[in-house]
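Student: Predicted model and sequence below, questions to follow.
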Amino acid sequence: MAVLACAERARASDPEPPAAEALTTFRLSFVRLSGAESCPGAEKIAAGVRARLGRDPFADRADRDIEGSVVREGGVWRARLSVLGPEGAVLGARELQSTEPDCSTLADAVTLAVALVIDPRAAFAAPPAAPAPSPSVPPPGPTPAPVAPVVVAPVPAPVASSAARPTREPAPRRLTLSLRAALALGLLPRAAFGVESAGEVGLAERVGLSVGLSYLPEVRTSDAAYAFGLSAAFVGLCIGAVTAPAARVAFCGEGQLGAMHAVVYSARPLPPGEHLWAGARVGPRLQLALGGALWLEAGAQALVPLIRHEFALKDQQAPVFQSRPVTLAASLGLSASIR
């Protein structure tokens with residue numbers, strides 16, 4: 001009886017847990033997001049923490065909150081834990097991930113991480129032992145493969161949602177320089193071959209501003225008494241319909257302004273000099289990659305003269321020449337793209 005009484009007095013004099021450990025309580029919430037429905041919920045995580053700590057640190061009215069979530073992205077399980085203070089301030093955050101086929105490995109890591117948040121000494125405590133299989137019955141199935149380690153990476157405290165959104169880097173502007181042979185039908189007395197030079201700068205992902213010069217040398221009329229040529233500058237927009245590494249297709253619209261020059265071989269021109277000319281053309285353009293920054297370029301456009309001069313001899317009713325209301329233009333050349 002004396003020994004038992006001494007034992008009772010010894011048990012009654014055991015030291016109390018530290019005051020901070022006894023007073024600090026936590027409230028746990030754990031959300032399973034898309035693809036992570038097979039992961040354990042908050043109650044199972046809390047049960048594992050209680051088993052590891054040997055006590056219940058959770059309460060409905062707590063000093064701190066532990067908020068967690070888990071999601072399945074591709075072949076990776078990702079879990080995030082945040083510790084909030086009494087005023088909702090973020091005291092710390094952790095992110096865990098696992099590439100195992102099921103969620104069990106990540107769930108164990110989450111349980112340990114929550115236990116460490118509550119009591120850092122839990123890292124030195126042994127996890128609850130699983131019941132050993134009967135020695136007379138061999139474990140079924142093949143020997144399990146070693147479990148890949150779970151990566152635990154510190155994550156900075158979250159900031160405002162506007163700063164958390166990923167910013168998209170603007171695409172570099174592309175500059176394309178082109179030199180091409182030009183063909184005009186109906187603009188001059190006969191089919192006329194000339195040359196064009198142009199530059200195009202990208203304004204957006206599929207929109208470019210095109211600026212250039214066009215020159216068509218003089219072409220004689222059928223009676224060889226007169227000749228007409230054209231020099232013009234143009235500006236417009238090209239909208240990409242198809243953009244691929246080896247080919248581009250764009251639809252271009254351009255306005256032209258220049259001068260139509262006339263040469264008279266059998267009579268004296270009146271008045272002499274150049275004559276103002278304006279037009280607009282629209283049509284598709286194809287570019288094929290030749291290698292590096294070099295492209296083969298071909299285009300076809302419908303060209304409408306906005307100023308149609310009527311060239312005639314004085315006191316003669318029939319005109320010598322006038323451009324058609326709608327003409328055709330084509331081009332073929334090389335271009336180089338520079339970023």
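Tutor: In hand now; what should we look at?

Student: so where does L91 fall, helix or strand?
Tutor: strand 90-98 (DSSP states H and E).

Student: what does stretch 36-45 rub up against?
Tutor: 28-30, 32, 68, 70-72, 77, 102-103, 106-107, 110-111, 114 (Cβ atoms under 8 Å, 6 or more residues apart in numbering). For every residue, glycine as well, the C-beta is placed using N, CA and C.

Student: List buried residues within these.
Tutor: The neighbour-count test (16 or more other Cβ atoms under 10 Å) marks 28, 30, 32, 68, 70-72, 77, 103, 106-107, 110-111, 114 as buried among these.

Student: what sits against T243?
Tutor: So T243 contacts R206 (Cβ under 8 Å, 6+ apart).

Student: Likewise for the one 5 residues further on?
Tutor: With contacts defined as Cβ under 8 Å, 6+ apart, R248 is in contact with 240, 242, 286-287, 295.

Student: Now do the helix or strand encompassing A47, average pLDDT.
Tutor: Element membership for A47, per DSSP H and E: helix 42-53. In this model, helix 42-53 carries a mean pLDDT of 90.

Student: tell me the angle the longest helix seen in the chain makes with strand 90-98.
Tutor: Across the chain, the longest stretch assigned as helix under DSSP state H is helix 104-118. Interaxial angle, helix 104-118 versus strand 90-98 (axes from the mean of the first three to the mean of the last three Cα atoms, to 10 degrees): 160 degrees.

Student: distance of S82 from C39?
Tutor: Noted for S82: a distance of 17 Å to C39, by Cβ to Cβ, to the nearest Å.

Student: related to what we said a few turns ago, for A262, state which of the buried ones among the contacts of stretch 36-45 is nearest.
Tutor: V71 (75.5 Å; Cβ to Cβ).

Student: Now find how far off-centre stretch 217-237 is within its chain.
Tutor: The chain centroid and the centroid of stretch 217-237 are separated by 47 Å under Cα atoms, centre = their mean, to the nearest Å.

Student: For it, measure first residue to last.
Tutor: The first and final residues of stretch 217-237 sit 26 Å from each other (Cα to Cα, to the nearest Å).

Student: Going by neighbour count, which residues in that stretch are buried?
Tutor: 219, 221, 226-232, 234, 236.

Student: any idea of the mean pLDDT in that stretch?
Tutor: pLDDT averaged over stretch 217-237 gives 90.

Student: same thing with stretch 29-37?
Tutor: For stretch 29-37, the per-residue pLDDT averages 90.

Student: where do the strands sit along the stretch 51-200 of the chain?
Tutor: Using DSSP state E, counting those that start in this stretch, the strands of the stretch 51-200 of the chain run over residues 64-73, 76-84, 90-98, 151-154, 175-185, 192-202.

Student: least reliable of those going by mean pLDDT?
Tutor: Mean pLDDT is lowest for strand 151-154 among the strands of the stretch 51-200 of the chain, at a mean of 50.

Student: Which positions in the helix holding A47 come out as buried?
Tutor: For helix 42-53, by 16+ other Cβ under 10 Å, it's 42, 45-46, 48-50, 52-53.

Student: starting at the chain centroid, how far to it?
Tutor: For helix 42-53, the distance to the chain centre is 42 Å (Cα atoms, centre = their mean).

Student: show me what contacts the nearest residue to L290 once chain neighbours are set aside?
Tutor: In this structure, L290 finds its nearest non-sequential neighbour in L296, 5.5 Å apart by Cβ to Cβ, 6 or more residues apart in numbering. L296 makes contact with 287-288, 290, 334, according to Cβ under 8 Å, 6+ apart.

Student: host element of L296?
Tutor: Using DSSP H and E, L296 falls in strand 294-305.

Student: The stretch 101-250 of the chain: helices as residue ranges?
Tutor: Assigned by DSSP state H, counting those that start in this stretch, the stretch 101-250 of the chain shows helices spanning 104-118, 161-164.

Student: The first one vs helix 42-53, what angle?
Tutor: Which is helix 104-118. Using the same axes, to 10 degrees: helix 104-118 against helix 42-53 is 60 degrees.

Student: List buried members of the contacts of L296 by neighbour count.
Tutor: Q287.

Student: now, which of the contacts of L296 sits nearest L183?
Tutor: Using Cβ to Cβ, L334 comes nearest to L183 of the contacts of L296, at 16.1 Å.

Student: hang on, the earlier thing: who's more crowded, S82 and C39?
Tutor: More crowded of S82 and C39, by other Cβ atoms under 10 Å: C39, with 22 against 19.

Student: ok, the more buried one to P217 distance?
Tutor: Distance from C39 to P217, by Cβ to Cβ: 77 Å.

Student: Could you do D223 as well?
Tutor: 19 Å.

Student: quick one on the thing from earlier: please list the outside residues in contact with the helix or strand following the strand holding L296.
Tutor: Next helix or strand after strand 294-305 toward the C-terminus (DSSP H and E): strand 327-338. Here strand 327-338 makes contact (Cβ under 8 Å, 6+ apart) with 174-187, 196, 281, 283, 287, 290, 293-305.

Student: Tell me what angle strand 327-338 forms with strand 175-185.
Tutor: 160 degrees.

Student: ok now strand 327-338, how far from the chain's centre?
Tutor: 31 Å.

Student: Now do the buried residues in it.
Tutor: For strand 327-338, by 16+ other Cβ under 10 Å, it's 327-329, 331, 333, 335, 337.
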